[in-house]
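>>> everything below, folded, please.
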Amino acid sequence: MKPTRLAITLLAACFTLSVNISLMAQNWTLTGVSVYANWLSIACSSDGNKLAAVAYDDGYGDGGFVYTSTNFGDLWTLAEAPTNLSWQTIASSTNGSILLLADYEDTNANPGVLYVSTNSGKTWKAAATPSNYWNCVASSATGSKLYAADSGMGDGFIYASTNSGKTWTRTGAPTDFWASISSSADGTKLIAADSGYGDGLIYTSTNSGRSWTPTLSPVNQWTSVASSSNGMKLLASNSGYGDCLIYSSTNGGLTWLPTGAPSNQWASVASSADGTQLVAADSGYGDGLIYLSADSGSAWTSNAAVVGYWTSVTCSADGSKAAAASSPGGIYTWQSIPVLNLVPSGRKIIISWQALSSATGFVPQNNSDLTMTNWNIMTNRPILTNGLNQITIPLPSSGNEFYRLVNPNP
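Numbers count the residues shown, from 1 in each chain. Now for the predicted structure:
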């Protein structure tokens with residue numbers, strides 16, 4: 001269920017007083033998925049509404065499974081993917097239609113295969129790739145360019161497809177124990193990190209994987225990497241076997257600096273398209289919390305996520321929606337609260353709120369008396385300006401007028 005959010009502003013004759021009220025704090029909410037499982041990976045569409053999550057095993061030794069959601073986790077559907085495989089990770093195109101699914105090994109411990117869906121997980125087709133112990137995957141925005149990397153238990157290479165998984169070729173990446181890979185929106189800039197069982201370095205590519213360059217990153221046991229849409233802002237986390245920090249780069253990996261995140265045993269990181277909104281989750285062997293940053297990693301806040309054994313996080317393109325998977329455990333979602341702002345302009349008032357994916361469904365309402373419950377939905381059509389939904393109304397001639405932003409169908 002989507003939480004209801006309110007933003008109320010009181011206007012008086014001589015002053016403006018703004019009061020923001022939330023009916024529910026910005027907590028992480030357990031989604032409607034009914035399976036308590038070893039969830040290992042989760043991915044989402046750019047608006048955050050379409051989710052896809054994979055579990056390693058259901059606890060009975062008969063392999064893993066895949067669930068999808070089209071409404072930010074309210075309802076889930078068991079995908080028609082093979083169930084006798086140990087699913088490791090999943091990646092999604094921005095519209096959620098193309099999904100790349102990686103199998104680490106089958107129930108007989110044989111190396112796994114890749115599967116691709118072009119219809120949001122309704123049907124799946126095995127990719128024509130070598131059998132490998134696939135550990136990480138990535139997708140371009142359109143899903144035409146896909147990438148998959150071996151854990152090092154197989155051939156240790158990174159493979160690429162330029163036709164949504166129909167055919168695959170080995171990239172120029174060196175043999176390594178790959179832990180994580182991420183792609184820019186156009187699929188040309190890539191970042192991949194070693195798990196620490198190889199050289200412990202982070203590599204980048206600017207030509208869709210044809211050639212790779214080791215960056216000047218610290219040697220660590222890297223667990224997860226993330227990229228902004230242009231491939232210039234990068235994020236990398238490592239576990240407690242390294243220095244326990246999260247690093248960032250603002251120049252495509254040329255230089256790296258530790259972020260303001262606390263020392264932890266980080267399992268997964270995710271980034272908004274512009275690289276400013278970040279999500280990071282501890283594996284459960286540190287403090288077991290999820291952290292958010294709204295300033296490219298300078299400051300981080302843990303926002304009431306339950307303590308868990310987190311394995312994977314993902315977020316929408318604008319960073320206002322996020323989802324997290326745990327093993328063992330459930331799948332949780334979070335969304336930011338849209339805030340209503342009022343600015344006097346001559347004899348008019350400009351009402352605005354950010355055009356975020358988390359603000360979908362919210363409408364402005366007004367009332368002249370806070371003791372009354374008959375709020376009126378404003379019929380003014382908002383105009384999108386510089387990332388803000390804006391409505392211009394006349395300044396009230398007398399008395400008080402109250403405004404709020406509310407989702408009438410939480």
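
>>> which element follows the helix or strand of the chain with the lowest mean pLDDT toward the C-terminus?
Least confident helix or strand of the chain, by mean pLDDT, DSSP states H and E, is strand 16-22 with a mean of 35. Where DSSP states H and E defines the elements, the next helix or strand beyond strand 16-22 is strand 29-30.

>>> output the next helix or strand after that next one as CSV, nothing but the C-alphas.
Where DSSP H and E defines the elements, the next helix or strand beyond strand 29-30 is strand 39-44. Coordinates of each C-alpha in strand 39-44 appear next as CSV, following Å, rounded to 0.1, in the frame of the first residue of the first chain:
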residue,chain,number,x,y,z
TRP,A,39,16.6,-13.0,-2.1
LEU,A,40,19.9,-12.1,-3.8
SER,A,41,19.2,-9.4,-6.4
ILE,A,42,16.6,-6.8,-7.2
ALA,A,43,16.3,-4.4,-10.2
CYS,A,44,13.8,-1.7,-11.2
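
>>> list the strands paired with strand 39-44, with their directions.
Using DSSP bridges, the strands paired with strand 39-44 are strand 51-55 (antiparallel).

>>> show the average pLDDT along the partner strand.
What strand 51-55 shows for mean pLDDT is 95.

>>> and that strand, how far from the chain's centre?
12 Å (Cα atoms, centre = their mean, to the nearest Å).

>>> next: stretch 378-390.
The answer for stretch 378-390 is 26 Å, by Cα atoms, centre = their mean.

>>> next one: stretch 216-226
19 Å.

>>> do stretch 217-227 as well
With Cα atoms, centre = their mean, you get 17 Å for stretch 217-227.

>>> again, but for stretch 112-130
For stretch 112-130 - counting by Cα atoms, centre = their mean - the centre lies 22 Å from the chain centre.

>>> same check on stretch 173-190?
For stretch 173-190, the distance to the chain centre is 17 Å (Cα atoms, centre = their mean).

>>> and if you look at stretch 274-293?
Counting by Cα atoms, centre = their mean, stretch 274-293 comes out at 11 Å from the chain centroid.

>>> shouldn't Gly200 be in contact with Thr215?
No - look at Gly200 against Thr215 with Cβ atoms under 8 Å: they stay out of range, at 11.7 Å. C-beta coordinates here come from the backbone N, C-alpha and C atoms, glycine included.

>>> which intervals of the chain have sub-threshold pLDDT?
Within the chain, the ranges that satisfy pLDDT under 70 run 1-26, 34, 57-63, 84, 408-410.

>>> wait, doesn't Ser249 sit right on Thr215?
Yes - with contact defined as Cβ under 8 Å, Ser249 counts as touching Thr215 (7.5 Å).

>>> now do the shared contacts for those two.
Trp256 (Cβ atoms under 8 Å, 6 or more residues apart in numbering).

>>> who's Ser86 bridged to?
Here Ser86, judged by DSSP bridges, has bridge partners Glu105.

>>> swap that for Val66, sorry
Beta-bridge partners, per DSSP bridges, of Val66: Val54.

>>> quick one, what contacts it?
52-55, 78-79, 81, 87, 90, 101, 121.

>>> ok, which stretches of the stretch 1-150 of the chain are strands?
5-11, 16-22, 29-30, 39-44, 51-55, 65-69, 77-78, 85-92, 99-106, 114-117, 125-126, 134-139, 146-150 (DSSP state E, counting those that start in this stretch).

>>> cool, and the stretch 301-410 of the chain?
Using DSSP E, counting those that start in this stretch, strands in the stretch 301-410 of the chain cover 301-302, 310-315, 321-326, 331-335, 341-345, 348-354, 363-367, 376-377, 383-385, 388-394, 401-406.

>>> so for Val219, which of those strands sits nearest?
strand 310-315 (23.7 Å; Cβ to Cβ).

>>> other SSEs contacting the closest one?
Counting contacts by 3 or more Cβ pairs under 8 Å, 6 or more residues apart in numbering; DSSP states H and E, strand 310-315 is packed against strand 39-44, strand 266-271, strand 278-282, strand 321-326.

>>> I'd say Ala160 and Thr171 touch.
Yes - if you go by Cβ under 8 Å, Ala160 and Thr171 touch, sitting 5.0 Å apart.

>>> any common contacting residues for these two?
147, 208-209.

>>> returning to what we had before: okay if I get the strands of the stretch 301-410 of the chain as TSV plus mean neighbour count?
TSV is the format used below for the strands of the stretch 301-410 of the chain (neighbours: other Cβ atoms under 10 Å):
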stretch	mean neighbour count
strand 301-302	14
strand 310-315	26
strand 321-326	29
strand 331-335	23
strand 341-345	13
strand 348-354	18
strand 363-367	18
strand 376-377	10
strand 383-385	10
strand 388-394	15
strand 401-406	20
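
>>> which one of those lies closest to Ser239?
strand 310-315 (12.0 Å).

>>> direction included, what does that closest one pair against?
strand 321-326 (antiparallel).

>>> neighbouring contacts of the strand it pairs with?
Here strand 321-326 has contacts from 28, 31, 39-42, 44, 47-49, 51, 53, 72-73, 268, 270, 279, 281, 284, 290, 292, 305, 308-316, 331-336, 357-358, using Cβ under 8 Å, 6+ apart.
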